[in-house]
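[1] Just the structure for this:
(chains A and B)
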Amino acid sequence: MGSRRENPIDTRLREIMARGEHALIGYMVAGYPDERTCLDVAIAMIDGGVDILEIGIPFSDPIADGPTIQRASYIALSNGITPLKAFNIAKSIKDASDTPLVAMTYYNIVYRLGVERFIAMAKEHGIDGLIVPDLTYEEADDAIRVAHMHDMDLIFLVAPNTSDERLNMIAGVSKGFLYLVSVYGTTGERDRFYDYTTNAIRRVKGMIMGRVPLAVGFGISRKEHARVMIDAGADAIVVGSAFINLMEKSKDGKDSMLIDIRQLACELKQATRSV
Amino acid sequence: MRLKHYPIDGRFGRFGGRYVPETLIPALEELEKAYMDARDDKDFKKDLEYYLKHYAGRPTQLYHAKNLSDAVGGAGIYLKREDLLHGGAHKINNTIGQALLARRMGKERVIAETGAGQHGVATAMACAALGLRCEIYMGAKDAERQRLNVFRMELLGAKVNRVYSGSQTLKDAINEALRDWITNVKNTYYLLGSVVGPHPYPMMVRDFQSVIGREIRKQCMNVIGGMPDAIVACVGGGSNAMGTFYEFLDSKVDLYGVEAGGHGLASKEHSATLCAGSEGVLHGMLTYLLQDENGQIMDTHSIAAGLDYPGVGPEHAFLKSIERVKYVSVTDDEAVDAFMNLAKYEGIIPALEAAHAVAYTMRIAKDYGNDASIVVTLSGRGDKDVEVVKRYLEERSSSHG
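    I've put the predicted structure just below:
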């Protein structure tokens, strides 16, 4: 282990946190709005200031996702997106930028290809981390072992109702960062957050004891939200549906859509810098 | 190892498990604890027995279908009459059990999914009887096809939420019920309708349905004078089959699970998950699925809406893998023929789901010979299917010229 190179996710987060800043993690759906345009979307997000890019590999039955990402996944699948095509999209992004990439998908997509094959292929295509929202700690032995072999950061999720005991176990195995789901619910923009979210951030941060950075996601769409999460102790925030909603609303053509995406990333990134 | 001892640590062999977003883990742990507690509790058992007897109408009869047996030739065919239960199907065995559990857990709100509406109706009944608030998720396509069942659920006091995502059918209704549960996890009880989903549902629903097999065993002693030679049940998610088989898993009785062959397995328009599917993870469980080479869940087809599901209970996947149960399929055509034969010979109109089991029983009765007895679980009555069959027969006769 000693001679192994640090995973790019770890390096990126370490550098950002050393500057006293916080990270912006942006989420996109591979193949949305189409295979070609999603590359431009990725670049616009990165240009705007996204520090780590999460690439969703669509699944037909995404139970952790709200209507926005469901719609985007459905369109991407109708466009014929496959895990292999999503990997190729990741590779193209990686060729154009050194931004760390995280794949996000459901366990059946991984299982169908084979855990070993999926992780090896993802790594070959420049993906540094993997988030699987329906893969719990108890079912993850195989994935943890294989991910370790391929230096893939397997990133686990926790929720506001996760017990201290489970939190402690999960924080011990999550690599890259620990992903706290901010709300009871699915992904998707929200107008407001309740105290239980900031309480959860404080509690999780305390339980981690510096073992791994803490990212908070689900529902965050504005810089005010980002600030609230960061003030409560988040090291990074994840924003996804807000970008997709922008793309859905955009009527003035691709160029103006890309400007809007870049602008949103830029605003959110501002909020993650120290005050 | 006795097969009745499964699941072990939430798994049937390698199948089952708990593949869900982390938010649901505390809820599933709470549910498992509450269920294990209730299962051994005298008062809970007494309540369950009371409602099964006086509300649902148990025990159901084991009826010797003599006319059908004579017409087919070979083994004596015996019908386990779950179609006579309140609501017209076995579904009530499970919904009464889980609604009692929800009440015991102090949950004020019950949600459930439904395909054609059978489980939704049975859930709405149980909730009305026990004074629980109830919301049902139903695919928009299914709600359109089964408008009367939507009205029926509303009459019973349930709120019906139409689901417009994905294929707008049963699997999407389950997705949406799971999303609701993730959102309202504290006060909501998710009343799943089959032996599917994350642990403990496959075990718990099987246990509530296993009253079917226990009664069959007792009744066979009186009616046949011993154990039957074979038992047949239809499999969609697989709850009536699991409830039928469980009592006999450690016996020598031949067990057959009949899946929906739709237009034939080669057509890809079917719901025969165990016969033609592959391993995967959906709705919280590792099991057999109908999926494409990339792991996307496929659209399924069956003339029987209750069998139209791309997954199957993990215990069935296990029983297939160790070859304890033989899983076979019957086409739409064969099921409709059996539907008509049972109506004609016995004056009983079976649900199209159950007609699949009847069709397979008719296929094997001769092979078993005159001295043998075969029990087939008639999981529901066919009133709901009369219109579908009428249309099917009209189309069949016009396409055959």
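[2] Only C-alpha atoms from now on, for both contacts and neighbour counts.
    Fine.
[3] List the residues that contact A:Ile63.
    Applying C-alpha atoms under 8 Å, 6 or more residues apart in numbering or on different chains, we find A:Ile63 in contact with A:Thr186, B:Asn175, B:Glu176, B:Leu178, B:Arg179.
[4] repeat that with 10 Å
    Applying C-alpha atoms under 10 Å, 6 or more residues apart in numbering or on different chains to A:Ile63 gives the contacts A:70, A:106, A:133-134, A:186-187, B:20-21, B:172, B:174-180, B:182, B:282-284.
[5] Return the backbone torsion pair for it.
    phi -70, psi -20 (degrees, to the nearest 10).
[6] Let me see the ranges of the strands in chain A.
    Counting by DSSP state E, chain A has strands at residues A:23-29, A:52-56, A:101-104, A:129-131, A:153-155, A:157-158, A:178-181, A:214-217, A:236-239.
[7] The first one: partners in the sheet, and parallel or antiparallel?
    Partner strands for strand A:23-29, per DSSP bridges, with pairing direction: strand A:52-56 (parallel), strand A:236-239 (parallel).
[8] hang on, the earlier thing: so which of the contacts of A:Ile63 sit within helices?
    Applying DSSP state H to those, the entries found in helices are A:Gln70, B:Asp172, B:Ile174, B:Asn175, B:Glu176, B:Ala177, B:Leu178, B:Arg179, B:Asp180, B:Ile182.
[9] thinking the second one is in contact with B:Met298, fair?
    No - shown here, B:Asp172 and B:Met298 do not form a contact pair, counting by C-alpha atoms under 10 Å, at 12.0 Å.
[10] Looking at the two, which is more packed in?
    Remark: of B:Asp172 and B:Met298, B:Asp172 carries more neighbours, 26 against 18, as counted by other C-alpha atoms under 10 Å in any protein chain shown.
[11] Please report how far the more buried one lies from B:Ser321.
    With distances taken as C-alpha to C-alpha, to the nearest Å, B:Asp172 is found 28 Å from B:Ser321.
[12] Mind listing what's buried along stretch A:48-65?
    Within stretch A:48-65, the residues scored as buried using 16 or more other C-alpha atoms under 10 Å in any protein chain shown are A:48-65.
[13] and if you look at stretch B:285-293?
    So, applying 16+ other C-alpha under 10 Å, buried residues of stretch B:285-293: B:Met285, B:Leu286, B:Thr287, B:Tyr288, B:Leu289, B:Leu290, B:Gln291.
[14] In contact with residue 128, which residues?
    All of this refers to chain A. A:Asp128 neighbours (C-alpha under 10 Å, 6+ apart): A:7-10, A:99-103, A:119, A:122, A:147, A:150-154, A:176.
[15] wait, chain B
    Contacts of B:Ala128 by C-alpha under 10 Å, 6+ apart are B:Ala99, B:Ala122, B:Cys134, B:Leu156, B:Gly157, B:Ala158.
[16] Which ones among those lie within helices?
    Those of these mapping onto helices are B:Ala99, B:Ala122, per DSSP H.
[17] tell me which of the contacts of B:Ala128 is nearest to chain A?
    Among the contacts of B:Ala128, B:Cys134 lies closest to chain A (C-alpha to the nearest C-alpha), at 19.5 Å.
[18] For chain A, what's its nearest residue on the stretch 151-300 of chain B.
    Of all residues in the stretch 151-300 of chain B, B:Thr183 sits closest to chain A, at 3.9 Å by C-alpha to the nearest C-alpha.
[19] With adjacent residues omitted, what lies nearest to that residue?
    Excluding the flanking residues, the one nearest B:Thr183 by C-alpha to C-alpha, 6 or more residues apart in numbering or on different chains is A:Gly185, at 3.9 Å.
[20] picking that back up, can you give me every residue that contacts the residue of the stretch 151-300 of chain B closest to chain A?
    Contacts of B:Thr183 by C-alpha under 10 Å, 6+ apart are A:Val183, A:Tyr184, A:Gly185, A:Thr186, B:Thr23, B:Leu24, B:Ala177.
[21] tell me the pLDDT at the spatially closest residue to the second one that is not a sequence neighbour?
    In other words, A:Tyr184. Nearest non-adjacent residue to A:Tyr184, counting by C-alpha to C-alpha, 6+ apart: B:Thr183, 4.7 Å away. On the pLDDT scale, B:Thr183 is placed at 96.
[22] residue ranges with poor pLDDT in chain A?
    Applying pLDDT under 70 to chain A flags residues A:1-4, A:274-275.
[23] about what we covered before: closest one to A:Glu248 out of the contacts of B:Thr183, please.
    Of all the contacts of B:Thr183, A:Glu248 sits closest to A:Thr186, with 18.9 Å by C-alpha to C-alpha.
[24] And for that closest one, the neighbour number?
    Around A:Thr186 there are 23 residues (other C-alpha under 10 Å).
[25] and what of B:Gly261?
    B:Gly261 has 30 nearby residues by other C-alpha under 10 Å.
[26] Where do the helices of the stretch 1-150 of chain B begin and end?
    All helices of the stretch 1-150 of chain B, identified by DSSP state H, counting those that start in this stretch, fall at B:25-39, B:42-50, B:66-72, B:91-104, B:118-130, B:140-145, B:147-155.
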